[in-house]
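[1] Sequence first, predicted coordinates after that:
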Amino acid sequence: MYKSIVIVAVIVMFCSCATSNKNYNPAKKFSKTTLQKDYSVLVNILQAKHPSLYWYTPKPAMDAYFNKFYKDIKDSMTEQDFAWHVLAPLIDKIHCGHTSVSLSKKYSKWATNKSIPAFPLFLKVWNDTLAVTGNYNFKNDSIFKRGTLVTSINNIPNKLLIKYMLEFLPEDGYANNVSLVRLSANFPYFHRNIFGLTKTYTVGYIDSVGQEKKAVLPLFIPKKDSTKKDSLPIVKLPKITSAQKLLRVRNLQIDSTNTYATLTLNSFAEGRLRTFFRKSFRTLKKENIKNLIIDVRNNGGGRVGMSTLLTKYISRKKFLVADSIYSITRTVAPFGKYIKGGFLNTIEMLFISKKNKANQYHIRYLENKVYSPKSNNYKGNVIVLISGPTFSASTVFCNAIKGQQGITLLGEETGGGWYGNNGIIIPDVTLPNTKVRVRLPLYKLVQYNHSEANKGLGIVPDVLVPTSYDALLQFEDKKMQVAQQIIANSKN
């Protein structure tokens, strides 16, 4: 359909390998037999260890996908081709956001600080819409400015383009909102890996008078640094202090009128959260703050214990973490040599889970324990901002508090599954030949008070605030604005 350029060949022309990784060659091709061996190892591990392999795709259909993508292995393929065009679309069929594909550690080291040829436009993706948010050639481009609506790329219309790209990205059930955010964050990266590179791109767009037109854009090729052979200048960013790192993970700000506070929480995995929560809620009580906005739009999850702790500060009633949390196995054997931390994972699984009559290994203390709100928990009005990247443990938090009096979920559907998800222990599987990595969750978590009607969905907000084109043009945070307006109206 287009005249493709082999990605890695172009990359090699413009990027040099790091000294510590000098023997790595991203253009190396593996034989069909070698790739089939890696593929078979992965399939065997998934069939033996994945707790929800057939949750959304029945076994006969999943087996058919295993056969299909095995046949799609060509002789020969690079690591990148194998990962993106065989493994990624296969993993998507599991519909598990915690099961994902990464290139090898050597590739990651090789690609660090390199600017690589790419499709030239950054695009915000929502519904069937593409809008320009960035352009590698902004200075010399009078057409593709921020907000320009794109209608097609290389004659593929938006609807088909987005639908196809989503088939390479993992999600919980059918909650694709998280993948739309991923595409929006780095559209050139995903377009390059899914479609490859072309010398030029025919891009359809809507002009200033509402007419659909087309323009031909060249492939973005980074300029070489004249002081370094085959490499690009690396801009040294200011060193980030420990305090600044913590603020990026979690932060509490009280507005100047003491009307409301905003608690931004971007992870449950780090940030000394136990101390942070204790101090933050003491401050809210001391300052008599009646309204609280909790922003978990970019919270990809982490420790269930930390999300449970936050729930205890917010919930108005007793709650459970989950209806069930279980694995279909109690060890990673006989695949320990492929699974990171194999021995330690097995020890942990033996310690935390117990077998039931259905041969499932349950984490009973998380299933049976009823948690009570803290005696000094927050009593004011709460608005929780959610979006596609709201995932995993943050979804467990949202499910526990949803529907309670004085608590409102505002924004867009979460990427984390409302019915449940997989996780708890999530080691990497490293394939023996290509060294491509695949995340493997070992436990299935079914949300407390789940329903079949929610299966495949993310948690839906009580107040829907979808992507706003006008806000995109003005660099405004529409969801935060709506939350602030709700608080302002409540005073009147």
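    The structure has been received and is ready for your questions.
[2] Which positions within stretch 92-112 qualify as buried?
    92-101, 103-104, 106-107, 110-111 (16 or more other CB atoms under 10 Å). Heads up, the C-betas are built off the backbone N, CA and C, glycines and all.
[3] May I have the phi/psi pair for Asn449?
    phi 60, psi 40 (degrees, to the nearest 10).
[4] can you tell me which residues contact it?
    Asp323, Asn399 (CB atoms under 8 Å, 6 or more residues apart in numbering).
[5] which one of the buried residues of stretch 92-112 sits closest to Thr408?
    Lowest distance from Thr408 to the buried residues of stretch 92-112 (CB to CB) belongs to Gly97, with 24.8 Å.
[6] isn't that closest one right next to Gly423, touching?
    No. Judged on CB atoms under 8 Å, Gly97 makes no contact with Gly423 at a distance of 9.1 Å.
[7] Can you pull the residues that touch both of these two?
    With CB under 8 Å, 6+ apart, Gly97 and Gly423 have common neighbours Ser392.
[8] Surely Lys374 touches Thr311?
    No. Taking contacts as CB under 8 Å, Lys374 lies outside contact range of Thr311: 9.8 Å.
[9] If Ile407 is in a bridge, with which residues?
    Here Ile407 sits in beta bridges with Val382, going by DSSP bridges.
[10] same thing with Glu212?
    Residues in beta-bridge contact with Glu212 (DSSP bridges): Ile206.
[11] please renumber so the chain begins at 47
    I'll keep to 47 as the first residue from here, and by that count the last item is Glu258.
[12] wait, what's in contact with it?
    By CB under 8 Å, 6+ apart, the neighbours of Glu258 are Thr197, Gly250, Tyr251, Ile252.
[13] Please repeat the previous calculation with a cut-off of 7 Å.
    Thr197, Gly250, Ile252 (CB atoms under 7 Å, 6 or more residues apart in numbering).
[14] Can you select the buried ones among those for me in ChimeraX?
    Buried residues among the contacts of Glu258 (16+ other CB under 10 Å), as a ChimeraX selection:
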select :197,250
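[15] quick one: which of the contacts of Glu258 is nearest Thr80?
    The closest of the contacts of Glu258 to Thr80 turns out to be Gly250 (CB to CB; 40.8 Å).
[16] Now do the SS call for that closest one.
    Secondary structure assignment for Gly250 (DSSP: H, G, I helix; E, B strand; the rest coil): strand.
[17] Arg192 too?
    coil.
[18] what about dumping the CA coordinates of stretch 233-250 to PDB?
    Extracted as PDB, the C-alpha positions of stretch 233-250 are listed here (Å, rounded to 0.1, in the frame of the first residue of the first chain):
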ATOM      1  CA  PHE A 233       1.600   9.200  18.200                       C
ATOM      2  CA  PRO A 234       4.800   9.200  16.100                       C
ATOM      3  CA  TYR A 235       6.200   6.300  18.200                       C
ATOM      4  CA  PHE A 236       3.200   4.100  17.800                       C
ATOM      5  CA  HIS A 237       2.600   4.900  14.200                       C
ATOM      6  CA  ARG A 238       6.300   4.100  13.400                       C
ATOM      7  CA  ASN A 239       6.200   0.700  15.100                       C
ATOM      8  CA  ILE A 240       2.800  -0.300  13.800                       C
ATOM      9  CA  PHE A 241       2.900   0.900  10.200                       C
ATOM     10  CA  GLY A 242       6.700   1.300   9.600                       C
ATOM     11  CA  LEU A 243       8.200   4.400   8.000                       C
ATOM     12  CA  THR A 244       7.600   5.900   4.600                       C
ATOM     13  CA  LYS A 245       9.600   8.700   2.800                       C
ATOM     14  CA  THR A 246       6.500  10.900   2.700                       C
ATOM     15  CA  TYR A 247       3.000  10.900   4.300                       C
ATOM     16  CA  THR A 248      -0.200  11.900   2.600                       C
ATOM     17  CA  VAL A 249      -2.200  13.600   5.400                       C
ATOM     18  CA  GLY A 250      -5.900  14.600   5.100                       C
END
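[19] give me the low-pLDDT residue ranges for this structure?
    Counting by pLDDT under 70, the chain has low-confidence residues at 47-67, 270-284, 538.
[20] can you give me the strands in the stretch 147-296 of the chain?
    Ranges of strands within the stretch 147-296 of the chain are 147-148, 167-172, 175-181, 195-199, 202-203, 243-244, 246-252, 258-264, 296-300, based on DSSP state E, counting those that start in this stretch.
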